[in-house]
Every structure is written in structure tokens, then in C-alpha cells.
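Enquirer: Kindly return the folded structure for what I paste below:
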Amino acid sequence: MKYHLMRHEGMFPYNCPLCSNGYTANSVLQDHIRRKHTGEKPFECPVCNQGFKRKAHLDVHLRTHTGEKPYPCPVCDRPFRQRPDCLKHIRVIHGEDPSKFNIRFHPNMCVPFPQIVSVTDMELVLDGEDLMQTGFEGNQGLGNE
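Expert: As a prediction, this is how the structure comes out:
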């Protein structure tokens, strides 16, 4: 709460020496420097070794390897890997205002994805028969989003 109030009061005692952005905590400043100025990408894909600055970005990327598409279109049920892709689809294909739909992560659309500890483990997951199940019959609406 202390840092939250500091932000509202415009108090940023920790300034980046490279770009002068201000932060309420030294740990946030260090994270900023690491991600914005050093190019460090500490989150690596266990399949293709691509690096990411944030774990959330790695999590979305992993869906390209698993086939997981947890965002179904509420109009036609076509699944998407990312929420923004689903929203764009609703707007462009169906001519609807996406804000009138409650697009949420749909856990039943997910492929079981065990804890991956090595590339070998990931290869075993990728060889599994159930990998591409999306909760739809056949492959209706599946494609490269």
C-alpha cells in the first residue's frame, strides 16, 4: 500500500540512470534496467530456446508448441491462442463490437500441460496423442492464428 500511495502522490525516489524513469521501489528499478536496457530475456522456451522478458510472454508462446487455444469466439466457437486475436476476429469477421462479449480464458479449451523440466520432457508432451485436442469436434475453425 505504501508504494501504491507513493505512486499517486508522484513520489518516485528511485530513478533510472539511463532513461530517468522513476520508480517507487529499488527492486522495480532493477527489474526495469534488466528488461529495458540490458536486453536480458530470462524466460527461455524449453522447446525452441527463444527468450522472453516476461514469464507471461513465454506462457503465451508455449501455446504455439502445445496447440492450446483457450479463447473461443462466442459467435462461431473458433478458438484462439490469445485474447486480442479473438477480439479482432469478432470485430473483423463478425462485424460485432467485442466489448459486448465477456471473452475470458476458457480452461476446458486447454491441453493438459505437465510441468516441463527439460527439452526431452517437452518432446514427450509434443508426441502425445491428446496434444491437439481443443474441445471441438473435428478440426472446425482450427488454423494458424
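
Enquirer: For the closest residue to Phe101 other than its chain neighbours, give its distance to Glu40.
Expert: Computed as Cβ to Cβ, 6 or more residues apart in numbering, the closest residue to Phe101 that is not its neighbour in sequence is Pro74, at 4.7 Å. All C-beta atoms are positioned from the backbone trio N, CA, C, and that covers glycine. For Pro74, the distance to Glu40 equals 39 Å [Cβ to Cβ, to the nearest Å].

Enquirer: With neighbour numbers in mind, choose between the two.
Expert: Pro74 (15 against 12; other Cβ atoms under 10 Å).

Enquirer: follow-up on the earlier one: so the residue nearest to Phe101 sits in a strand?
Expert: No: using DSSP: H, G, I helix; E, B strand; the rest coil, the secondary structure at Pro74 is coil, not a strand.

Enquirer: Next up, the contacts around it.
Expert: 90, 101-103 (Cβ atoms under 8 Å, 6 or more residues apart in numbering).

Enquirer: how about the helices in the protein?
Expert: Secondary structure of the chain (DSSP state H): helices located at 2-8, 26-32, 55-66, 83-93, 119-126.

Enquirer: Show me what the fourth one is packed up against.
Expert: To tie it back to what came earlier, the one meant is helix 83-93. Packing contacts for helix 83-93, counted by 3 or more Cβ pairs under 8 Å, 6 or more residues apart in numbering; DSSP states H and E, involve strand 71-72.
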